[in-house]
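[1] After the sequence you'll find the predicted model.
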Amino acid sequence: MLRNRIGRASAGAVLAASCMLAASAAQAAGLDIHDARLQDLYARYAQADYEVDDLPEFGDGKHVRFDGVVVEHAEGLDGGNIFVAGDPVKPTEAVARLGAFDDATDAQMKALPVGKRFKAICVLQATSGTHYLALTDCVVKS
């Protein structure tokens, strides 16, 4: 029993360290990263009449880092995976659609079950009038 607790604690520490290392590496690489709560980002998007142009997280070279929850997996028109996410505060409310940075990340995202929490760094994509945030080039850690 103690061994299981130590194992879970170690796994949690490794995940936290890897996320911190990834964030540090991203910032060292000169990425402009904005920390945000997904629900708050969506609320500001809705208040701006579903336009991202005036959000500080939008623009060339900017990335947004957030915690999320898998709401569903859907299939896009091109047959690709659509990863639908919500905020941990409202885990069943879909507020964003995420696209992976590469094929390996896409496979990782597909493997996450509905209800699973994750951390992500993504680019806020230009959208107009959609009732969800479009986030691309995502790197995800669960």
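    The structure has been received and is ready for your questions.

[2] Pull up the gap between H34 and V123, please.
    Going from H34 to V123 by Cβ to Cβ, to the nearest Å gives 11 Å. Every residue, glycine included, has its C-beta placed from N, CA and C.

[3] the more surrounded of the two?
    V123 (20 against 16; other Cβ atoms under 10 Å).

[4] Which parts of this protein are strands?
    With strands called from DSSP state E, the chain shows them at 32-35, 62-75, 81-86, 96-100, 117-124, 133-141.

[5] Could I get these in CSV, plus columns for distance to Y45 and mean pLDDT?
    CSV is the format used below for the strands of the chain (distance: least, Cβ to Cβ, whole Å; pLDDT from 0 to 100):
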stretch, distance to Y45, mean pLDDT
strand 32-35, 13, 94
strand 62-75, 11, 95
strand 81-86, 14, 92
strand 96-100, 9, 95
strand 117-124, 9, 97
strand 133-141, 6, 95
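
[6] Let me know which of the ones you listed is the nearest to Y50.
    Closest to Y50 of the strands of the chain, according to Cβ to Cβ: strand 133-141, at 9.4 Å.

[7] ok so, going back, packed most tightly, which of the strands of the chain would that be?
    For the strands of the chain, the largest average neighbour count (mean count of other Cβ atoms under 10 Å) is found in strand 96-100, namely a mean of 23.

[8] okay, the angle between that strand and strand 117-124?
    Using axes from the mean of the first three to the mean of the last three Cα atoms, to 10 degrees, the direction of strand 96-100 lies 80 degrees away from that of strand 117-124.

[9] So what are the sheet partners of strand 96-100 and their directions?
    Paired neighbours of strand 96-100 in the sheet (DSSP bridges): strand 81-86 (antiparallel), strand 133-141 (parallel).
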